[in-house]
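Colleague: quick one: sequence and predicted model below, then my questions.
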Amino acid sequence: MTFSTKTFALVSAALVTALGAFAAPALAQTAATPWELKPDMGYAYDRDGKTFSYKMGTSNAGELLKGAKKVPKGTLFFIGHNGQLYMRTGPYLEGDGKFKFGPDQ
């Protein structure tokens, strides 16, 4: 499969699964769970908002990296009420380490 330069979309798809907890109502804040992103996998968030994962090869890695952008550390990804995937840089934890945008207590 040929990959486009929209590499950000590849990474974003993995986030959609992990972010399901943000879209669902919760009674109490739960502990953060690390993602398991693998270097040999591509993750896609397509134009219809569906997510996919792909086993990647190395023969066209150079093409994949053309136009790719690194995701800055400290970036939060989330699904809005409209079903759209968003990203936000900046603080997302309170001073005590709790998630700043967690459910109201």
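Modeller: Sure, I can see it.

Colleague: now the helices: where do they sit in this structure?
Modeller: 7-18, 20-23, 61-65 (DSSP state H).

Colleague: so which residues of this structure form strands?
Modeller: In the chain, the segments counted as strands under DSSP state E are 41-45, 51-55, 75-79, 85-89.

Colleague: now tabulate these in a markdown table and tack on mean neighbour count and distance to residue 102.
Modeller: (C-beta placed from N, C-alpha, C; glycine too.) Shown next, in a markdown table, are the strands of the chain (neighbours: other C-beta atoms under 10 Å; distance: least, C-beta to C-beta, whole Å):
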| stretch | mean neighbour count | distance to residue 102 |
| --- | --- | --- |
| strand 41-45 | 20 | 24 |
| strand 51-55 | 13 | 23 |
| strand 75-79 | 17 | 12 |
| strand 85-89 | 13 | 15 |
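
Colleague: Serialize the ones you listed to a markdown table and add fields for distance to residue 33 and mean pLDDT.
Modeller: Output for the strands of the chain, formatted as a markdown table (distance: least, C-beta to C-beta, whole Å; pLDDT from 0 to 100):
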| stretch | distance to residue 33 | mean pLDDT |
| --- | --- | --- |
| strand 41-45 | 17 | 89 |
| strand 51-55 | 17 | 91 |
| strand 75-79 | 14 | 90 |
| strand 85-89 | 18 | 90 |
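
Colleague: between the ones you listed, which gets nearest to residue 95?
Modeller: Between residue 95 and those, the tightest spacing by C-beta to C-beta is seen for strand 75-79, at 16.7 Å.

Colleague: so what strands line up beside that closest one?
Modeller: With DSSP bridges as the test, strand 75-79 is paired with strand 85-89 (antiparallel).

Colleague: give me the angle between the strand it pairs with and strand 41-45.
Modeller: Counting by axes from the mean of the first three to the mean of the last three C-alpha atoms, to 10 degrees, strand 85-89 points 110 degrees away from the direction of strand 41-45.

Colleague: burial of residue 91, as a residue count?
Modeller: 10 (other C-beta atoms under 10 Å).

Colleague: nope, residue 71 is what I was after
Modeller: When counting by other C-beta under 10 Å, one arrives at 15 neighbours for residue 71.
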